[in-house]
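Trainee: Fold the following and give me the result.
(chains A and B)
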Amino acid sequence: MPILVRIALRNLLEHKAKSFIIGGLLALGVVILVVGNSFMDTAAAGIRKTFTENYTADVFIHAETTDPVSLFGVQSVGGREETPAIPDYERVRAILEETDGVIGVASQVTGYALAAPRDSEETGFALMFGVMPDEYSRVFENAVVVEGRMLEPGEEGILLTKRQVERMAEQLEVEFKVGDDVVLTGLGNSGFKIRAVPLVGLIEYKADTEATEFISYVDADTLRILMGLTLGTDADIVLAPEETELLSSLSDDDLFGAPETVDLASAAAAVPEPVPVEAISPAAPATLVDSGAWHFLLARLERPAQAERVVKQLNERFAEEGLPVVAEGWKAAAGPFAQSVDVVRVVFNVAIIIVAIVAIIIMTNTLVISVIERTGEIGTMRALGAQKGFVRKMFLVETVVIAAVFGLVGTALAFGILGVLSAMNIEAGNAFLEILFAGKVLKPAVNPMSVLWSLVMVTAVSVVAHVYPVQLALRIQPVRAMQAE
Amino acid sequence: MKRVMISVLAALSVAMAGAQDFKAMLREIDSLGDFGGQDFSATYTIVSEKPGQKPETVQVRVYRRDEREQFVFLFLKPERQKGQGYLKVDDNVWFYDPESGEFAKSTIKESVQDSEARNSDLSRMSYADDYDIEKSSEGKLGAYDVWILELVSKDSEVSWQRVRLYVRKDKPLVLKEEDFSVSGRLMRTVSFPPSYISAGGKQIPSRILIVDEINSGEKSQLTLSDVAVGRLPDDTFTESFLKRAR
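Mentor: Modelled structure (predicted):
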């Protein structure tokens, strides 16, 4: 055994009280880190599981856009950006389906509308996912019908959440009844559209996450009409120059420089001429729904942990084939609603940093006292020819040994605590805890990497804490140190 | 002392006379847009520009019965919106979609499709009823001498809480309107260049430019055509008219 380690071990045994105080602090730090990280990992896994099972799935595909996209649309400044449909949808879907590990695929259109019972003067707000009910319910099993029934394939209709219906009844006094029509006014960028569809059922989620309360499901074609996803665009309208002239005016002089002109209106009252029925031509491409238009593709993976790899692989494939689409993970799909997971982790990490700073102060203090106690010993060593570097290394080895020994003790304690918690089978009791527990019973998971990280962190903390006391010890002249003894 | 009192009273009476004048001016401005017992109809062509996008055109036929504050808007263009319309019955505004034959409640503050124009721009409103005059001054706009009136809304039902009007001195005609938010931020500028259509004894601006001051580069031009003032059939202002128009 190298001499430094032997000296370090002897010193640790010699100063048992000091060793136990510092070691105890380090062990406590490891317990907090390992147990805390275990809870964080369990909660993160739970939240991920709930989101992916509720509505994000594991992989999310959308058309390329300049602003970030989630399942709720493009998040642009001002919120007026239209969500583009997936280009070459059939090809993109085929690539997704043949990707290894993909066990289910669902397509989706997203839109917003005002929803009201027929003849109601009050309207509520509806966030709608337009889906094919059969494939969607194979990928997402969390939405359960509590009244009425599920949408049938090819059927026009809407499913609202029970909580949404209850909230609208309470706040807006709007009563939605299963079987009645819901009048939807679409807020698409291509103009307002109204559709009345029957409310076929009310749903509840097995576990709620943010936003689930607001989601309603509607048949995709109804939503496409409301959002203006049509087969063609309107023919250009021919305009006279004076109808666009003002748009290019630059100053008040352009607008108000000329003398006034007055034209005479038609002398007789114009009796409104109804627009002839034929003129509207319902078969115009601009009004025909584009049944192949989808905003998003969602994929369920056999092993969710592989999502990152699958996303990378898909993006490479899309780039190879020149398809302007992007694959992302569940967090991108959840958009602003999954950010609470990151917020909790940031808060926990900030707390850990504060604990680490406090630990450094306490340990530095303890080490200062112990170094002062050992002034004579250090002086004698220096007088006998020990270099400053030797003394520095000696203290460093002492610190690392203490951190390693008590770090392992802390890890063992943390495993013990987690084992006891796991054996206690603590039940979640409510839906929120069920998400945090990642199930009905708390079974905290331990990530080996986070244990290793905890050990590295406490070692680093103790190394930082020992720097100042050692500097202090080395400043004392050997002769003075020996005199003190 | 007496002299002081007299001059104060004189000053006050001048100030009051001035304030009354402006209120009367607002009423006159209102009366230009109020056809009373007559009905008004016109076609508005609205061309909207947004940076990086193709200009969009909407053509709307407007029918108004001001004595009962009723209106009907009927979309003529583009194709996908043809036959859609707004109908004001009592205090409610309904939107009609001919493809589904359904009506849904709308609001007067809603934009006319994606343009800078609000529904309230196409219907009658009253500066005198909806706003108080906070301040007045004089100025020049292009070739015209103008009164500049600062108005504050009386209630929150109007589209804009604060409005600055530039009114021609020679005639009570508005040349420019600046609309502000509650916090005093300029939201949009509406210009009425001096080309008018004379109908029912009144002069109506034939072209209007609306500039969005928040989203730079977004603007709309409204052009009036087929203006007519006269009595329309009563059933023009009913649901069945919009349905029939389909």
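Trainee: When you work out contacts or count neighbours from here on, use the C-alpha atoms and nothing else.
Mentor: Will do.
Trainee: so where is the stretch 51-200 of chain A shaky, pLDDT-wise?
Mentor: Low-confidence segments of the stretch 51-200 of chain A (pLDDT under 70): A:76-80, A:188-190.
Trainee: where do the strands sit along it?
Mentor: Assigned by DSSP state E, counting those that start in this stretch, the stretch 51-200 of chain A shows strands spanning A:59-63, A:69-70, A:73-74, A:102-117, A:124-131, A:143-148, A:158-161, A:181-186, A:193-205.
Trainee: Name the residues that touch the first one?
Mentor: The list of residues contacting strand A:59-63 from outside it, by CA atoms under 8 Å, 6 or more residues apart in numbering or on different chains, reads A:69, A:84-87, A:295-301, A:307, A:310-311, A:324-330, A:332-333.
Trainee: Now which of those residues would you call buried?
Mentor: A:69, A:84-87, A:295-301, A:307, A:310-311, A:324-330, A:332-333 (16 or more other CA atoms under 10 Å in any protein chain shown).
Trainee: now, which of these lie within strands?
Mentor: Among these, the members falling in strands (DSSP state E) are A:Val69, A:Phe296, A:Leu297, A:Leu298, A:Ala299, A:Arg300, A:Leu301, A:Val325, A:Val326, A:Ala327, A:Glu328, A:Gly329.
Trainee: Look at B:Gln221 and tell me its secondary structure.
Mentor: strand (DSSP: H, G, I helix; E, B strand; the rest coil).
Trainee: try A:Val397
Mentor: Secondary structure of A:Val397, per three-state DSSP, is helix.
Trainee: Would you quantify the distance from the residue lying closest to A:Gly335 once chain neighbours are set aside to chain B?
Mentor: Once flanking residues are discounted, A:Gly335 sits nearest to A:Ser70: 4.8 Å by CA to CA, 6 or more residues apart in numbering or on different chains. To chain B, A:Ser70 is 23 Å away according to CA to the nearest CA, to the nearest Å.
Trainee: Give me the neighbour count for A:Ser70.
Mentor: 23 (other CA atoms under 10 Å in any protein chain shown).
Trainee: can you tell me how far it sits from A:Leu298?
Mentor: 12 Å (CA to CA, to the nearest Å).
Trainee: what's the closest non-adjacent residue to B:Ile29?
Mentor: Using CA to CA, 6+ apart, the nearest residue to B:Ile29 is B:Pro172, at 5.8 Å.
Trainee: same thing with B:Phe35?
Mentor: B:Asp66 is the one closest to B:Phe35 (CA to CA, 6+ apart), at 6.0 Å.
Trainee: quick one: contacts for that neighbour?
Mentor: B:Asp66 neighbours (CA under 8 Å, 6+ apart): B:Asp34, B:Phe35, B:Gly36, B:Gly37, B:Gln38, B:Asp39, B:Arg124.
Trainee: Need the three-state assignment for the second one.
Mentor: Same thing as B:Phe35. With three-state DSSP as the basis, the three-state label of B:Phe35 is coil.
Trainee: Please look at it and B:Gly200 and confirm they touch.
Mentor: Yes. Contact criterion CA atoms under 8 Å: B:Phe35 and B:Gly200 qualify, at 7.4 Å.
Trainee: Show me whatever sits in contact with both of those two.
Mentor: B:Val229.
Trainee: give the contact list for A:Leu160.
Mentor: Contacts of A:Leu160 by CA under 8 Å, 6+ apart are A:Leu199, A:Gly201, A:Leu202, A:Ile203, A:Ile215, A:Ser216, A:Tyr217.
Trainee: in the sheet, who's paired with it?
Mentor: A:Leu202 (DSSP bridges).
Trainee: Let's see the pLDDT reported for residue 206.
Mentor: No chain specified, so I'll use chain A. We note a pLDDT of 79 for A:Lys206 in this prediction.
Trainee: wrong chain, I was asking about chain B
Mentor: 92.
Trainee: do B:Phe241 as well
Mentor: 87.
Trainee: before we move on, what about B:Asn215?
Mentor: pLDDT recorded at B:Asn215 is 87.
Trainee: so which helix or strand takes in it?
Mentor: Under DSSP states H and E, no helix or strand contains B:Asn215.
Trainee: quick revisit: now for the ones in strands among the buried ones among the contacts of strand A:59-63: which two are most distant?
Mentor: A:Val69 and A:Leu301 (21.0 Å; CA to CA).
Trainee: how about the helices in the stretch 351-485 of chain A?
Mentor: A:375-383, A:388-423, A:431-436, A:448-475, A:478-484 (DSSP state H, counting those that start in this stretch).
Trainee: Give me the contact list for the shortest one.
Mentor: Contact partners of helix A:431-436, identified using CA under 8 Å, 6+ apart, comprise A:Thr42, A:Ala43, A:Ala44, A:Gly46, A:Ile47, A:Thr50, A:Ala207, A:Asp208, A:Ala428, A:Lys440, A:Val441.
Trainee: hang on, the earlier thing: could you dump the helices of the stretch 351-485 of chain A to CSV with mean neighbour count and mean pLDDT?
Mentor: Formatted as CSV, the helices of the stretch 351-485 of chain A follow (neighbours: other CA atoms under 10 Å in any protein chain shown; pLDDT from 0 to 100):
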stretch, mean neighbour count, mean pLDDT
helix A:375-383, 20, 81
helix A:388-423, 19, 89
helix A:431-436, 19, 73
helix A:448-475, 18, 84
helix A:478-484, 16, 69
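Trainee: Would you tell me which of those gets closest to A:Glu135?
Mentor: Closest among the helices of the stretch 351-485 of chain A, once you apply CA to CA, is helix A:431-436, at 25.3 Å.
Trainee: Now that closest one - C-alpha only, CSV.
Mentor: Extracted as CSV, the C-alpha positions of helix A:431-436 are listed here (Å, rounded to 0.1, in the frame of the first residue of the first chain):
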residue,chain,number,x,y,z
ALA,A,431,-54.5,10.2,-10.2
PHE,A,432,-51.8,12.8,-9.7
LEU,A,433,-49.7,10.6,-7.4
GLU,A,434,-50.3,7.7,-9.8
ILE,A,435,-48.5,9.7,-12.5
LEU,A,436,-45.6,10.6,-10.1
